[in-house]
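In: turn this into a model:
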Amino acid sequence: MPTTITVCTTCRQPAVREDKERTPCGEAMLDSVLRAADEVSGVEVRGVPCLMGCEHGCNVAISADGKLAYVLGSFEPGEESASALVQYAAGHAESDTGVVPFKQWPQGVKGHFVARIPPLD
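Out: Purely as a prediction, here's the structure:
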């Protein structure tokens, strides 16, 4: 069963200042993750509108049937973030439970976890 990276396509990054508009990042993040996952087996990518994590801008979820799921946010869209997410998702795919040992986490995902969700079954 593959692990899916779900990218919020409507995400906006939080405004740096109160008078500055929030900048879109969801579609750019989806494009970056799709490119990074192109040749990675066991990892699929999809975009969905709104993961309801607006405080964290550039949100993604990593999930697979019967495994722990994770929500991550506060990313800058781009190759570095996308690569880290795909590396983490590959570890998730290889794990029977979805747990990736901390020592195997790519640096780019550390500090970005928002929630861990138990499997539904």
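In: what about Leu51, which SS state?
Out: With DSSP: H, G, I helix; E, B strand; the rest coil as the basis, Leu51 sits in coil.
In: give me the number of residues near it?
Out: 20 (other Cβ atoms under 10 Å). (C-beta placed from N, C-alpha, C; glycine too.)
In: tell me, what residue is most central in the chain?
Out: Centroid-nearest residue in the chain, with Cα atoms, centre = their mean: Val60, separated by 3.2 Å.
In: mind listing what it touches?
Out: Applying Cβ atoms under 8 Å, 6 or more residues apart in numbering to Val60 gives the contacts 5-8, 29, 33, 51, 71-73, 75, 85.
In: can you do 6 Å?
Out: 5, 7, 72 (Cβ atoms under 6 Å, 6 or more residues apart in numbering).
In: state the phi and psi torsions of the second one.
Out: Pointing back at Val7 there. Dihedral angles of Val7 (phi, psi; degrees, to the nearest 10) stand at phi -110, psi 130.
In: if we can go back for a sec, from Phe113, how far out is the residue nearest to the centre of the chain?
Out: Counting by Cβ to Cβ, to the nearest Å, the gap from Val60 to Phe113 is 11 Å.
In: before I go, just wanted to say thanks for your time.
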